[in-house]
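# no sequence for this one, just the structure:
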Ligand SMILES: Nc1ncnc2c1ncn2[C@@H]1O[C@H](COP(=O)(O)OP(=O)(O)OP(=O)(O)O)[C@@H](O)[C@H]1O
Ligand SMILES: [Mg+2]
């Protein structure tokens, strides 16, 4: 296993599209690194550049200590799992697994042993003599993972490997991948646009937007202190409420009078937006202490929680996460108050975190 | 579902509720269909049947007036004449058949060997002005052979390719390569590039990846394309008659045509030669019919 170092990676396609815009990534040995971002933000392009399937316009890629810019994919010693599994349709599972080993010219007994080991890890025993056509989506995905495993590459690249599976299977496979990665101590770059997947899998997450890195951090950091307005609006379901505030009497105050505790070191002379998680707010009976008047627009009952959408003067569609026991009718006049810690505060003009 | 309209209408309890007029209408339609199809079949098949019949009639019956459809004496003499010269030894016709096999076979192999990798390259790589190039390639097929045959005749005379099998092979290959590229590009497009990319990550070079991963998946497409190329080369007449003249080089189409035109025409021999000429293509197409169908339906890849 080896770490991956990406420096000032830039990719411009012949048609002029800039897919990756000076991206720096430093992925540690044995790290499960997730790249998260909306469709078209350059995740796949970055991954393909690391794999050597796409040549970057400028920038350097190092795997371990080797500068791999000019190495063909075959010599980079990494494995990639595609969204569409790319299992060879003519070959049985067994031969699909053996294919990369035959490329290395390993002796037959060793090929057999490694195939069996990977099959055991991914519990493919009964499937070894089937062809891809005879496997379900989840099984195909397990075979694709096993094929990546047999070679014992220096790093794994995964491009949305679970997108084609249904929700339940996806959760199972997620657990499986995480477990496997830990057991093997594998360096893994995992691309997804699903934030739940990113949060539950990643040691660290890089959030990409329009070819740029918006933030790199642990799932907790990314959730608690999104580095930009883009991240604030992207992470969380529902995401943060972005409330325009100004500094008054040593507090943050919204137009409607909602009072939030101020983080230290706030600049005075700029327009600010506070990012407030839905769980940092509370819907109350009207007139309760420190609450501002608001009105329930709608409620989404999710079983274990209710998401209230409320309006309070000048601020529409504030989302509040409440336990399912608290019920307010739609259109009811209510109170809204802040119960969490200091919020993240962003500069409206630079869209970046200021405190 | 092998249920005809009649069966569908006349079985089951629904029958009692079906107005008789509609039932009649259904039957009437199918009678009309059968009648039309029969007429069509007769019109289409008559020349073929007549050719086969003529090839096994004695000369007396061939020229009989009124023509004999039935009750003639069957003979295989004409088929013997196709292959054996009157004084014994090989006939000129049999030599031309052999020439046809060589010319059509080699030119098909050549156009496949050149066209398939080209199609792969056009499908996989970012080639400059790809669309224009592909259009240019297609445009070489816009003109029918008879339009270009004179300049080609002059050029061939310069380089000494007149009246050679190599000359025919080259011109047929040149005509089939554009077709092969266009048809195969469609098939290559259907095979996801991820196969090759996965193979490249597994330690193969690009060419190895193409050879071991993609090519086997293209076999049905290649078979379908090659059959079409083969049929073109096998049937081609214009180039063959203009560019070749000697019996040792001529292919079957001009050779058979050459049988007609003397003071008397041996129609039995013409018919027998035509039957022999038509058979290989039929047999070949029949043998690869599975690939032909698979080739047309290759799109059924699970993605
Ligand atoms: N071959 C190409 N030629 C031109 N532009 C391309 C090419 N491939 C991708 N792009 C563009 O580059 C940008 C990034 O594409 P990329 O495939 O990396 O996105 P992604 O983050 O993987 O998105 P998704 O989540 O939809 O897979 C997109 O705007 C896309 O249209
Ligand atoms: Mg992608």
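Sure thing, it's come through. In this text, all values refer to a predicted model and were calculated from it rather than measured experimentally. Numbers count the residues shown, from 1 in each chain, chains lettered A, B, ... in the order given. Ligands and ions are numbered 1, 2, ... in the order given.
# where do the helices sit along chain A?
A:43-51, A:93-104, A:108-121, A:137-150, A:167-184, A:195-201, A:219-224, A:229-234 (DSSP state H).
# For residue B:62, give me phi and psi.
As for residue B:62, its main-chain torsions (degrees, to the nearest 10) stand at phi -60, psi -40.
# mind checking how far residue A:295 is from chain B?
For residue A:295, the distance to chain B equals 48 Å [CB to the nearest CB, to the nearest Å]. (Glycine included, C-beta is placed from N, CA and C.)
# show me the contacts for that residue.
Residue A:295 makes contacts with A:310-312, A:331-334, as judged by CB atoms under 8 Å, 6 or more residues apart in numbering or on different chains.
# Out of those residues, flag the one nearest to chain B.
residue A:310 (43.9 Å; CB to the nearest CB).
# So for chain B, which of the helices of chain A sits nearest?
From the helices of chain A, taking CB to the nearest CB, the stretch that ends up closest is helix A:93-104, at 3.6 Å.
# Chain neighbours aside, what residue packs nearest to whichever residue of the stretch 151-300 of chain A sits closest to chain B?
Residue of the stretch 151-300 of chain A nearest chain B, by CB to the nearest CB: residue A:151 (7.0 Å). Among residues not flanking residue A:151 along the chain, residue A:100 sits closest, at 4.8 Å (CB to CB, 6 or more residues apart in numbering or on different chains).
# quick one: that neighbour and residue B:202 touch, right?
Yes. Counting by CB atoms under 8 Å, residue B:202 is a contact partner of residue A:100 at 3.6 Å.
# what touches both of the two?
A:79, A:147, A:151.
# What values do phi and psi take at the last one?
Put plainly, it is residue A:151. Here residue A:151 shows phi and psi, under degrees, to the nearest 10, equal to phi -80, psi -10.
# What's the local residue count around it?
22 (other CB atoms under 10 Å in any protein chain shown).
# Quick one: residues contacting it.
So residue A:151 contacts A:77, A:79, A:100-101, A:104, B:202-203 (CB under 8 Å, 6+ apart).
# domain parsing for chain A?
A:4-233, A:238-347 (automatic domain parsing).
# So for the helix ranked longest in chain B, mean pLDDT?
Looking across chain B with DSSP H, the single longest helix is helix B:20-55. For helix B:20-55, mean pLDDT rounds to 82.
# And the closest residue to residue A:56 other than its chain neighbours, what's its pLDDT?
Distances taken as CB to CB, 6+ apart place residue A:49 nearest to residue A:56, at 4.7 Å, with adjacent residues excluded. We have a pLDDT of 95 for residue A:49.
# Residue A:49 reaches residue A:11, doesn't it?
Yes. Contact between residue A:49 and residue A:11 holds when scored by CB under 8 Å: they sit 6.1 Å apart.
# which residues are in contact with both of those two?
A:20, A:56.
# tell me which of the contacts of residue A:295 is nearest to residue A:114?
Using CB to CB, residue A:310 is the member of these that lies nearest residue A:114, at 58.6 Å.
# Any idea how many residues pack against the closest one?
For residue A:310, using other CB under 10 Å, the count is 24.
# Next up, the contacts around it.
So residue A:310 contacts A:283, A:294-297, A:318, A:320, A:334, A:336 (CB under 8 Å, 6+ apart).
# near ligand 1, which residues of chain A?
A:13, A:15, A:17, A:19, A:37, A:39-45, A:193 (CB under 6 Å from any ligand atom).
# Just the buried ones from those residues, in PyMOL syntax?
The command below creates a PyMOL selection of those among the residues of chain A next to ligand 1 that count as buried (16 or more other CB atoms under 10 Å in any protein chain shown):
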select buried, chain A and resi 19+37+41+42+43+44+45+193
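# Out of the residues of chain A next to ligand 1, which two sit at the greatest distance?
A:15 and A:193 (22.9 Å).
# Which among the domains of chain A is found nearest to residue B:177?
Per CB to CB, nearest to residue B:177 of the domains of chain A: domain A:4-233, 26.7 Å.
# Ends of that closest one, what's the gap?
One end of domain A:4-233 sits 29 Å from the other (CA to CA, to the nearest Å).
# picking up where we left off before, save the helices of chain A as JSON lines, and put in distance to residue B:239 too.
Shown next, in JSON lines, are these (distance: least, CB to CB, whole Å):
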{"stretch": "helix A:43-51", "distance to residue B:239": "47"}
{"stretch": "helix A:93-104", "distance to residue B:239": "46"}
{"stretch": "helix A:108-121", "distance to residue B:239": "53"}
{"stretch": "helix A:137-150", "distance to residue B:239": "50"}
{"stretch": "helix A:167-184", "distance to residue B:239": "60"}
{"stretch": "helix A:195-201", "distance to residue B:239": "62"}
{"stretch": "helix A:219-224", "distance to residue B:239": "70"}
{"stretch": "helix A:229-234", "distance to residue B:239": "65"}
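# for the ones you listed, which one sits closest to residue B:32?
helix A:137-150 (49.3 Å).
# Mind listing what's buried along the closest one?
Of the residues in helix A:137-150, A:138-150 count as buried by neighbour count, 16+ other CB under 10 Å.
# which one of the domains of chain A lies closest to residue B:35?
Using CB to CB, the nearest of the domains of chain A to residue B:35 is domain A:4-233, at 44.9 Å.
# ok, residue A:231 touching residue A:216?
No. Residue A:231 is not in contact with residue A:216 according to CB under 8 Å; the separation is 10.5 Å.
# sorry, back to before: how about CSV for the buried residues of helix A:137-150, with distance to residue A:326 and pLDDT added?
Shown next, in CSV, are these (distance: CB to CB, whole Å; pLDDT from 0 to 100):
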residue, distance to residue A:326, pLDDT
A:138, 39, 84
A:139, 44, 87
A:140, 45, 89
A:141, 41, 86
A:142, 43, 86
A:143, 48, 90
A:144, 46, 89
A:145, 44, 87
A:146, 48, 89
A:147, 50, 89
A:148, 47, 88
A:149, 48, 85
A:150, 53, 88
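# Out of those, the closest to residue A:156 would be?
Of the buried residues of helix A:137-150, the one sitting nearest to residue A:156 (CB to CB) turns out to be residue A:148, at 5.7 Å.
# can you pull the contacts of the closest one?
Contacts of residue A:148 by CB under 8 Å, 6+ apart are A:79-81, A:156.
# near chain A at all, stretch B:204-217?
Yes. Counting by CB under 8 Å from any CB of the partner chain, contacts between stretch B:204-217 and chain A involve B:204-206, B:208, B:213, B:216-217.
# Any chance you could list what contacts that stretch?
A:72, A:74, A:88-90, A:103, B:116-117, B:120, B:188, B:191, B:195-200.
# Give me the mean pLDDT for that stretch.
Averaging pLDDT residue by residue across stretch B:204-217 gives 89.
# Stretch A:273-282 too?
On average, stretch A:273-282 scores 93.
# how long is it end to end?
End to end - CA to CA - stretch A:273-282 spans 19 Å.
# who in chain B is up against chain A?
Going by CB under 8 Å from any CB, the residues of chain B near chain A are B:126, B:192, B:194-195, B:197-206, B:208, B:213, B:216-217, B:301-303.
# let's see it at 6 Å
Contacts of chain B with chain A, taken as CB under 6 Å from any CB of the partner chain, map to B:126, B:194-195, B:197-198, B:200-204, B:216, B:303.
# which ones are touching residue A:76?
A:52, A:68 (CB atoms under 6 Å, 6 or more residues apart in numbering or on different chains).
# run the last query once more with 10 Å
Residue A:76 makes contacts with A:50-52, A:61, A:63, A:66, A:68, A:153-155, A:157, B:200-201, B:203, as judged by CB atoms under 10 Å, 6 or more residues apart in numbering or on different chains.
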